[in-house]
Each structure stands twice: as structure tokens, then as C-alpha cells.
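Visitor: Sequence and predicted structure below; questions after.
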Amino acid sequence: MPPFFITLARSAVAALFLLSLITSAAADLSFSRDRVRLTTGEGRAYDLSVELAVEPEQREQGLMHRREMAPDHGMLFDFGQTRRVVMWMKNTYLPLDMLFISADGTVRTIHENAVPLSQAIIDSQEPVAYVLELNAGTVKRLGIKPGDRLSGAGIPAGNGAQ
């Protein structure tokens with residue numbers, strides 16, 4: 001094999017090695033866990049275990065590369081401020097329901113059945129402080145609607161009036 005191709009092959013192997021290190025480092029991010037309570041407008045309450053994505057690196061990774069999540073689990077993204085939020089499903093294998101939540105814990109908008117691995121933008125449509133990602137079908141199964149309330153994990157347990 002000519003020296004040029006040997007050098008090229010070594011460079012490619014080195015690049016793949018670095019990429020694997022970066023990917024494994026991202027996969028090794030840890031998330032704190034907490035409990036939240038989702039209360040529907042009809043008064044039904046559901047307790048969920050959530051992983052907290054509060055740091056920029058955690059929010060960037062989210063549920064990427066996960067292959068499963070328990071039915072009563074989710075990931076709560078805390079943006080530390082109220083703003084319009086956009087999400088996507090790049091490198092996310094789980095179909096998800098996304099709840100866009102105001103600072104007082106009120107569910108403002110919902111996106112159901114986000115398509116795995118899609119790079120399509122999912123827009124909160126209005127300023128929010130949190131996003132709760134749940135397994136796809138959870139919104140329908142629990143009857144979640146805009147106006148329902150989330151409390152716990154630092155979200156105040158107010159009355160939701162706006």
C-alpha cells in the first residue's frame with residue numbers, strides 16, 4: 001500500500017477513535033432525579049420520576065441515544081428563564097410527547113408523538129420555562145391537556161391562574 005494511503009488510513013482510525021471518545025463522554029453525562037406531580041384539569045394526579053436537564057450540556061443531550069424509558073418516567077428540561085423553546089429529535093430513538101410548561105407549572109402547549117431521529121424543529125409556540133418529555137402516547141393515555149399543572153422539582157405549586 002502506498003505511504004499516502006497508510007497515512008490516510010491512520011488519520012481515519014484516529015478520527016474514529018476521537019469520535020468514539022466524544023460520543024462516550026456525552027453518553028456518560030449524569031442527571032439528577034426528582035419526582036413531579038401532574039394534575040389534570042379534572043383533578044386526577046399522576047406522580048412521575050424525572051431526570052433533570054438543567055445544565056446546557058444536559059439539555060443538549062437530553063434523551064439522545066436512549067432505547068427505552070419506563071412508563072412513569074420522563075425528562076424535565078429547566079431553562080432557568082422563560083423564553084420560546086425549540087426542540088428536535090436528532091439521535092433520539094424514543095418517540096416522545098413534549099409538554100411545554102410555564103414558570104408557574106401550567107402546561108401551555110403539547111407536541112405529541114415526536115418522530116424519532118427527526119431534525120424537524122418542534123416549537124413551544126410561546127415563551128415557557130420547562131419542557132417535560134414523556135414516552136409517546138402518555139398524553140393521550142393520561143388525558144393531558146393545556147391548562148393542566150406540573151409541580152415538584154423546583155416548579156412552584158401555585159394555582160395556575162394567568
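Guide: Good, I have the coordinates. Keep in mind the model is a prediction, meaning the values are calculated, not measured.
Visitor: Could you chop this structure up by domain?
Guide: 1-30, 31-151 (automatic domain parsing).
Visitor: For the last one, the averaged confidence score.
Guide: Spelled out, it's domain 31-151. Mean per-residue pLDDT for domain 31-151: 97.
Visitor: for it, how far is the first residue from the last?
Guide: Across domain 31-151, the terminal residues are separated by 19 Å (C-alpha to C-alpha, to the nearest Å).
Visitor: again with stretch 59-77
Guide: One end of stretch 59-77 sits 6 Å from the other (C-alpha to C-alpha).
Visitor: and what of stretch 34-50?
Guide: So stretch 34-50: terminal residues 5 Å apart, C-alpha to C-alpha.
Visitor: Now do the buried residues in it.
Guide: 36-40, 46, 48, 50 (16 or more other C-beta atoms under 10 Å). Quick note: C-beta positions are derived from backbone N, CA and C, even for glycine.
Visitor: picking that back up, out of the domains of the chain, deepest packed?
Guide: Sort the domains of the chain by mean neighbour count, taking mean count of other C-beta atoms under 10 Å, and domain 31-151 sits at the top with a mean of 17.
Visitor: For Glu42, give its distance to Phe79.
Guide: Using C-beta to C-beta, to the nearest Å, we find Glu42 at a distance of 29 Å from Phe79.
Visitor: what's in contact with stretch 80-88?
Guide: 54, 62, 77, 79, 98, 100, 102-103, 111, 114, 118-129, 131 (C-beta atoms under 8 Å, 6 or more residues apart in numbering).
Visitor: same thing but 7 Å
Guide: Residues outside stretch 80-88 that contact it (C-beta atoms under 7 Å, 6 or more residues apart in numbering): 79, 98, 100, 103, 118-124, 126-129, 131.
Visitor: Tell me the one among the residues you listed nearest to Thr138.
Guide: Closest approach between the contacts of stretch 80-88 and Thr138, by C-beta to C-beta: Met98, at 10.4 Å.
Visitor: Beta-bridge partners for that closest one, please?
Guide: For Met98, the beta-bridge partners under DSSP bridges are His111, Glu133.
Visitor: was I right about it contacting His111?
Guide: Yes: using C-beta atoms under 7 Å, Met98 is in contact with His111, at 4.4 Å.
Visitor: Please identify every residue contacting each of those two.
Guide: With C-beta under 7 Å, 6+ apart, Met98 and His111 have common neighbours Ile122.
Visitor: Show me how far stretch 50-68 is from its chain's centre.
Guide: Between the centre of stretch 50-68 and the centre of its chain there are 6 Å (C-alpha atoms, centre = their mean, to the nearest Å).
Visitor: Great, nothing more from me.
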